[in-house]
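> quick one, what's the 3D model for this:
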Amino acid sequence: MTSQPARIERRGLIRLASAALASAGLPVWASGDTARVLRVHSPKATREWDYSANAPWDHTVEMTPEQPGKIKERYFDYINGDTVARMLDLGLRELTGAPTATEAWRLLLPNFAPEQRITLKLNMNNASFNEAITTNRMDQTMPLVNAVLDTLIDGLGARPANITLLDASRWFHPVIMKGRCRFTGVRWVDSKSPDRWDHSEAVSFTRDQPAPGGQFWMPRDYTSADHILNFCLMKSHGCGVTGAMKSHFGSIPSPKMLHEGMGTKSYIGDLCATPSIRNKVRLNLVDATFANWFGPVWAPRPWKTFPQPSPNSLLLARDPVALDTVMLDHLRDELKQQGPAAPAHVVEWVAGSTFLEYAMNHHGLGIHESRPYRRIDYRVLAL
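Residues are numbered from 1 along each chain as shown. From the prediction side, this is the model:
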């Protein structure tokens, strides 16, 4: 009697296909024909934060003589780190088709070895430079960073001394950032770190030239890194969305020189086409547990287009253009729902953004398209 072949379940097929494509140099999650974007959602990602009690949402948290009467309540204290870690695990596995987060990193970080250097680019655009002051304005927070470090160090075997947390143009607060990091021995590089620029690599501008000019070098922890992980936020900005691509403004010495008209100019695409960014960013990871549709320098705002006022989401993608496309569409939907509450200038930002088309058509950095998506494989997962 001829034996029947063993039945391979769908997940097993995905794993086999992923391994085959990876060995051929063709990652299944971003083949060039399509780009996978995942959103992992859990209503338990945050505890309920009273948005109305914290209006006007841009205040300092500590009560000081300069800021009397403010309450000591930080939105990021309402993030559930354990839930975020589980969301990350699910996202990594579903993005790559790997059975574990560790195996997912092995697919995302090609030929990984413990001595290799990994840079985590964090977005600290609103960071206070005063140790005595923090704000409720949105920046990267530590629960997601700790979850990633856990999977890299305890899971993959990366060495803490070879991992750099970086925002070269801003500052890491010693209490709310460094003091909350669960892993000793990692490196921190910010605006107070010496000798952080590599003059041998800089942004090459194509269609538009910044005026006035500036210095647009890459950080040494980009040029010397083997892998870069880009941590992003979901909030509106003058280019439409801060997201994955504009986040790298924190990686150059003169980011303010690129803000004028950046939504329609070549600046963002040119920056992200710089070799260290284009060739080394392995994953774009969005912390959307809290998010902001109102503007880039404010605290989180309550949303109407998600099941809870807080989006309670993580988004993951290899393709930064596709990821920003999806986030920009979320912002458009939200601004429409907000109606008169949406500032006119923010509606204009989101409606007039063309930098994603340039990034795709001129630089080939990823996929941008209008809905309904055909080449962007956008999936929403519930935890």
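> relative to E357, how far out is N126?
28 Å (C-beta to C-beta, to the nearest Å). Using the backbone N, CA and C atoms, a C-beta is placed for each residue, glycine as well.
> so for the two, which residue has more residues nearby?
Taking neighbours as other C-beta atoms under 10 Å, N126 and E357 compare with N126 leading, 20 against 15.
> what's near enough to touch that one?
135, 137-139, 296-297 (C-beta atoms under 8 Å, 6 or more residues apart in numbering).
> can you pull the phi/psi pair for it?
phi -100, psi 10 (degrees, to the nearest 10).
> where's it relative to Y75, distance?
The gap separating N126 from Y75 is 12 Å, by C-beta to C-beta.
> quick one on the thing from earlier: tell me the one of the contacts of N126 nearest R374?
P296 (30.6 Å; C-beta to C-beta).
> look up how far P160 lies from the closest one.
32 Å.
> now swap in Y378 and tell me
Counting by C-beta to C-beta - Y378 and P160 are separated by 34 Å.
> between these two, which is the more surrounded one?
Neighbours were counted for Y378 and for P160 using other C-beta under 10 Å; Y378 has more, 19 against 14.
> okay, and the beta partners of that one?
V37 (DSSP bridges).
> surely it and A35 touch.
No: at 9.1 Å, Y378 does not count as touching A35 under the criterion of C-beta atoms under 8 Å.
> need the contact partners of the one helix or strand S276 maps to.
In the assignment (DSSP states H and E), S276 maps to helix 275-280. Helix 275-280 is contacted from outside by 201, 218, 222-223, 225-228, 248, 251, 271-272, 363, 365, using C-beta under 8 Å, 6+ apart.
> one more: stretch 293-306?
Residues from elsewhere that reach stretch 293-306, judged by C-beta under 8 Å, 6+ apart: 41, 49, 51, 54, 57-58, 75, 125-126, 135-138, 235-238, 242, 290-292, 309-313, 330-331, 333-335, 337-338, 342-343, 346.
> dump the contacts of helix 275-280 into a markdown table; add pLDDT and secondary structure as well.
Compiled in a markdown table, the contacts of helix 275-280 are given as follows (pLDDT from 0 to 100; DSSP: H, G, I helix; E, B strand; the rest coil):
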| residue | pLDDT | secondary structure |
| --- | --- | --- |
| E201 | 98 | strand |
| M218 | 98 | strand |
| Y222 | 98 | helix |
| T223 | 98 | helix |
| A225 | 98 | coil |
| D226 | 98 | coil |
| H227 | 98 | strand |
| I228 | 98 | strand |
| H248 | 96 | helix |
| S251 | 94 | helix |
| L271 | 98 | helix |
| C272 | 98 | helix |
| H363 | 97 | coil |
| L365 | 97 | coil |
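> and which of the residues you listed is nearest to P174?
Distances from P174 to those, taken by C-beta to C-beta, are shortest for S251, at 21.9 Å.
> give the contact list for that closest one.
Counting by C-beta under 8 Å, 6+ apart, S251 makes contact with 121, 166-169, 218-219, 222, 271, 277.
> helix, strand, or coil at R106?
Assigned state for R106: helix (three-state reduction, DSSP: H, G, I helix; E, B strand; the rest coil).
> which ones are touching the nearest residue to it once chain neighbours are set aside?
Spatial nearest neighbour of R106, chain neighbours left out: F112 (6.0 Å); criterion: C-beta to C-beta, 6 or more residues apart in numbering. Counting by C-beta under 8 Å, 6+ apart, F112 makes contact with 105-106, 156, 158, 227.
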